[in-house]
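Enquirer: below are the sequence and a predicted model for it; my questions follow.
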Amino acid sequence: MIATLKQGATKKNIKRISEVLAKELKSKGVDVYAYVGKINLKKDAMKIQRDLRNEWE
């Protein structure tokens, strides 16, 4: 989508273009920030990561 904002545009035009762009750029996925800090681990995170990396050996 192309939105042209010309010099001398009114506040009304700028607001309209801004609303159109905001509508077009809506996120189409999962809100990952809702899950930040929600995991409770039994082991140390580095230990889990090393185990996952070494599972092929």
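Expert: Noted; the coordinates are in hand.
Enquirer: the longest helix in the chain is where?
Expert: helix 11-24 (DSSP state H).
Enquirer: run a quick neighbour tally on Ile17.
Expert: 14 (other CB atoms under 10 Å). Using the backbone N, CA and C atoms, a C-beta is placed for each residue, glycine as well.
Enquirer: likewise for Ala9?
Expert: Residues near Ala9, counting by other CB under 10 Å: 13.
Enquirer: quick one: which helix or strand includes it?
Expert: Using DSSP states H and E, Ala9 sits in no helix or strand.
Enquirer: gap between it and Ile2?
Expert: 15 Å (CB to CB, to the nearest Å).
Enquirer: same thing with Val30?
Expert: Using CB to CB, one obtains 29 Å as the distance from Val30 to Ile2.
Enquirer: and those two? which has more neighbours close in?
Expert: Legend: neighbour count by other CB under 10 Å for Val30 and Ile2, higher for Val30 (8 against 3).
Enquirer: separation between Ile2 and Ile17?
Expert: On the measure of CB to CB, Ile2 and Ile17 end up 11 Å apart.
Enquirer: cool, and Gly8?
Expert: 14 Å.
Enquirer: if we go by neighbour counts, what in the helix or strand of the chain with the lowest mean pLDDT is buried?
Expert: One helix or strand of the chain scores below all others by mean pLDDT, DSSP states H and E: helix 11-24, with a mean of 86. Buried residues in helix 11-24, counted by 16 or more other CB atoms under 10 Å: none are found.
Enquirer: just the element for Met46, please.
Expert: Met46 belongs to helix 45-53 when assigned by DSSP H and E.
Enquirer: may I see the buried residues of that helix?
Expert: Within helix 45-53, no residue counts as buried by 16+ other CB under 10 Å.
Enquirer: name the residues that touch that helix?
Expert: Under the contact criterion CB atoms under 8 Å, 6 or more residues apart in numbering, helix 45-53 has outside partners Leu41.
Enquirer: what do you get if the cut-off is 10 Å, keeping everything else the same?
Expert: For helix 45-53, contacts defined as CB atoms under 10 Å, 6 or more residues apart in numbering pick out Ile39, Leu41, Lys42, Lys43, Asp44.
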